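Chemist: fold the following.
(chains A and B)
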2 protein chains.
Amino acid sequence: MSLQPVPAFEPPYLMAVFSNVRADDDSGYPQVLARMNEIVAQNPGFLGHESARTPGGLGITVAYFRDHESLRVWREDLEHQAAMEKGRADWYESYTLHVATVERSHGFARNG
Amino acid sequence: MSLQPVPAFEPPYLMAVFSNVRADDDSGYPQVLARMNEIVAQNPGFLGHESARTPGGLGITVAYFRDHESLRVWREDLEHQAAMEKGRADWYESYTLHVATVERSHGFARNG
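Modeler: Numbers count the residues shown, from 1 in each chain, chains lettered A, B, ... in the order given. This next block holds a predicted model:
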């Protein structure tokens, strides 16, 4: 199974782009990240997510949801809210979150 | 000037997420990328862009535009179209493009 971008879904769907610069403090981060991935995977409207990080540079995570309701459930999850608070306190130097409705999308694969 | 995510703009605005896996062929890529950055910067509705790439892994580029019209001008630019064709022929193993309208956004900066 080779590395693949998240595929194009049938529009409309929701997309949250989280672009961030990490702080030096990494304490507890991998554990919380694993737990967040576990929680969001239980959301029936969660379509997938993908991340990239330039070493020493910017990180971008994109999460895809079927509709506003499923994204709302994720945003209001209490463990997720505690993680976001910890992120602002310790893990992130700066970030921007953009929430959007996808109107069109397409994919390309050389051997697809 | 430290590294910063692209800031949150006043919604609504457009966002194009290009997630991709590179092929081995890099020929001409840096030159074309520099030229694309030059062209898009002349677009009055271009708000900014940001990229991250995990070494050996996924790359994610996000470009932000004020409205559909400015994104259309960029999509239909002939040099850009030639670059996209070259990308499918040589530079990318696979990619997905998601085009969306941003409905809300916010930023955080530790010392901001």
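Chemist: could you tell me how far the longest strand seen in chain A lies from the centre of the chain?
Modeler: In chain A, taking DSSP state E as the definition, the longest strand is strand A:92-109. Computed by Cα atoms, centre = their mean, to the nearest Å, the separation of strand A:92-109 from the middle of its chain amounts to 9 Å.
Chemist: is it correct that A:Val40 is in contact with A:Thr61?
Modeler: No: A:Val40 lies out of contact with A:Thr61 (Cβ atoms under 8 Å); the separation is 11.2 Å. (C-beta placed from N, C-alpha, C; glycine too.)
Chemist: find residues that contact each of the two.
Modeler: The overlap between the contact sets of A:Val40 and A:Thr61 (Cβ atoms under 8 Å, 6 or more residues apart in numbering or on different chains) consists of A:His49.
Chemist: where in chain A is pLDDT low?
Modeler: Applying pLDDT under 70 to chain A flags the ranges A:1, A:112.
Chemist: for it, which residue is closest to the average position?
Modeler: Most central residue of chain A, judged by C-alpha distance to the mean C-alpha position with Cα atoms, centre = their mean, is A:Ala63 at 3.7 Å.
Chemist: could you point out the longest helix of chain A?
Modeler: Longest helix of chain A, by residue count under DSSP state H: helix A:29-41.
Chemist: hey, what's the residue nearest to the centre of chain A bridged with?
Modeler: Beta-bridge pairing of A:Ala63 under DSSP bridges involves A:Ala16, A:His49.
Chemist: so what's the backbone phi/psi at A:Glu79?
Modeler: phi -70, psi -40 (degrees, to the nearest 10).
Chemist: return the residues in contact with it.
Modeler: Contact criterion Cβ under 8 Å, 6+ apart gives A:Arg35, A:Met36, A:Ile39 as the residues in contact with A:Glu79.
Chemist: likewise A:Asp25?
Modeler: The contact partners of A:Asp25, taken as Cβ under 8 Å, 6+ apart, are A:Asp90, A:Trp91.
Chemist: sec struct for it, please.
Modeler: With DSSP: H, G, I helix; E, B strand; the rest coil as the basis, A:Asp25 sits in coil.
Chemist: any idea how far it is from chain B?
Modeler: Plainly put, A:Asp25 is 11 Å away from chain B if you go by Cβ to the nearest Cβ, to the nearest Å.
Chemist: ok, A:Phe65 - contacts?
Modeler: Remark: with contacts taken as Cβ under 8 Å, 6+ apart, A:Phe65 is in contact with A:Tyr13, A:Leu14, A:Met15, A:Ala16, A:Asn43, A:Gly45, A:Phe46, A:Leu47, A:Leu71, A:Trp74.
Chemist: having no further points to raise, I will conclude here.
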